[in-house]
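Asks: Based on what follows, work out the 3D shape:
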Amino acid sequence: MTTLATVFEKARAENRAALVGYLPAGFPTIDGAIAAATAMVEAGCDVIEIGLPYSDPLMDGPTIQDAVHRALENGTRIADVMRTVEGVAKSGAATLVMTYWNPIDRYGADRFARDLANAGGVGTITPDLTPEEAGPWREASASAGIDTVFLVAPSSTEERIAIVTECCTGFVYAASLMGVTGARESVGAAAAGLVERTRPHAKVPVCVGLGVGTGAQAAEVAAYADGVIVGSAFIRRLLDAPNEQEGLRAVRELAAELAEGVRR
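Replies: Down below sits the predicted model:
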């Protein structure tokens, strides 16, 4: 199993940022998600975030909402998420689950952490779980040997950044802008400043997500962050593809472009 620490050590040794890709489990199908994520790894992604489909994705923009809706229509359940993690982890990428808190809470924190670790997962990103309420999840994750990733935003105060980063293992997720996910014409101007403010508090790498969709944007973010996170751009390639094979070709092409970008 490839750990996040191993990924970032390798990226540092190569004088580059790590490339993190996101896809929801069950999209375009359960097996299709595994195939697409594996293609992304083969073309240059170092880390894969597998989204756990949820009926009320508050942080997600229309592209991810569309994919998640399709995943739910496909009947995707937590067992399918775990199977997806297991399949993607075999590619050699460090594989996390990105999920809202409610599904973990209903499933049982200890059980979820244990099952994720057994599937080869290395951690979770929980965008709506606050540090003040994260104690039981941090304990369950530590017991299972998986990382916990939390988010800081441009609106975060110095005090808040310190509180959030203290809870982070694996890496800190720095949201480049205020708003929902989605590729944009430019990455939020506040992203570099947020990373600069976060570094003094963080004991782990700082990765930037929200808005990245091209190799040029990946290169821009890689100049100041330890990792570049891309989700909606990959999903858009799959949504626009006329068939599964074209979708795989499209995500491969994008991953290769982004991988070249983080190496500039």
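Asks: where exactly do the helices run in this protein?
Replies: 4-13, 30-42, 62-73, 78-89, 101-107, 109-118, 135-144, 158-167, 191-198, 215-222, 232-240, 244-262 (DSSP state H).
Asks: what would those look like in a markdown table with mean neighbour count?
Replies: (Each C-beta comes from the backbone N, C-alpha and C, glycine too.) Output for the helices of the chain, formatted as a markdown table (neighbours: other CB atoms under 10 Å):
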| stretch | mean neighbour count |
| --- | --- |
| helix 4-13 | 17 |
| helix 30-42 | 22 |
| helix 62-73 | 19 |
| helix 78-89 | 22 |
| helix 101-107 | 16 |
| helix 109-118 | 19 |
| helix 135-144 | 16 |
| helix 158-167 | 16 |
| helix 191-198 | 19 |
| helix 215-222 | 22 |
| helix 232-240 | 22 |
| helix 244-262 | 19 |
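Asks: In the stretch 51-200 of the chain, where is pLDDT below threshold?
Replies: Where the stretch 51-200 of the chain drops to pLDDT under 70, the residues are 57, 177-188.
Asks: Take the helices of the chain and lay them out in TSV including distance to residue 51.
Replies: Below are the helices of the chain laid out as TSV (distance: least, CB to CB, whole Å):
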stretch	distance to residue 51
helix 4-13	17
helix 30-42	9
helix 62-73	7
helix 78-89	8
helix 101-107	11
helix 109-118	14
helix 135-144	18
helix 158-167	21
helix 191-198	22
helix 215-222	20
helix 232-240	9
helix 244-262	15
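Asks: looking at the ones you listed, which is closest to residue 56?
Replies: When the helices of the chain are compared by CB to CB, helix 101-107 sits nearest residue 56, at 8.0 Å.
Asks: any residues touching the closest one, and which ones?
Replies: 52, 54, 56, 78, 112, 124, 126, 128, 129, 133, 137 (CB atoms under 8 Å, 6 or more residues apart in numbering).
Asks: Swap in 7 Å and give it another go.
Replies: Applying CB atoms under 7 Å, 6 or more residues apart in numbering, the external contacts of helix 101-107 come out as 52, 54, 78, 112, 126, 128, 129, 137.
Asks: and which of those residues is nearest residue 246?
Replies: Closest to residue 246, out of all of the contacts of helix 101-107 and judged by CB to CB, is residue 52, at 26.4 Å.
Asks: Residue 84 is in contact with the closest one, correct?
Replies: No - using CB atoms under 7 Å as the test, residue 52 is too far from residue 84 to be in contact (9.5 Å).
Asks: Mind listing the shared neighbours of those two?
Replies: By CB under 7 Å, 6+ apart, the residues touching both residue 52 and residue 84 are residue 25.
Asks: need the contact list for the most centrally placed residue in the chain.
Replies: For the chain, residue 49 is the residue whose C-alpha lies nearest the centre (CA atoms, centre = their mean; 3.7 Å). Residue 49 makes contact with 20, 22, 96, 98, 125, according to CB under 7 Å, 6+ apart.
Asks: I'd say the first one and residue 207 touch.
Replies: Yes - Residue 20 is within contact range of residue 207, at 6.1 Å (criterion: CB under 7 Å).
Asks: Give me the more crowded residue out of the two.
Replies: For residue 20 versus residue 207, neighbours defined as other CB atoms under 10 Å are more numerous around residue 20 (29 against 26).
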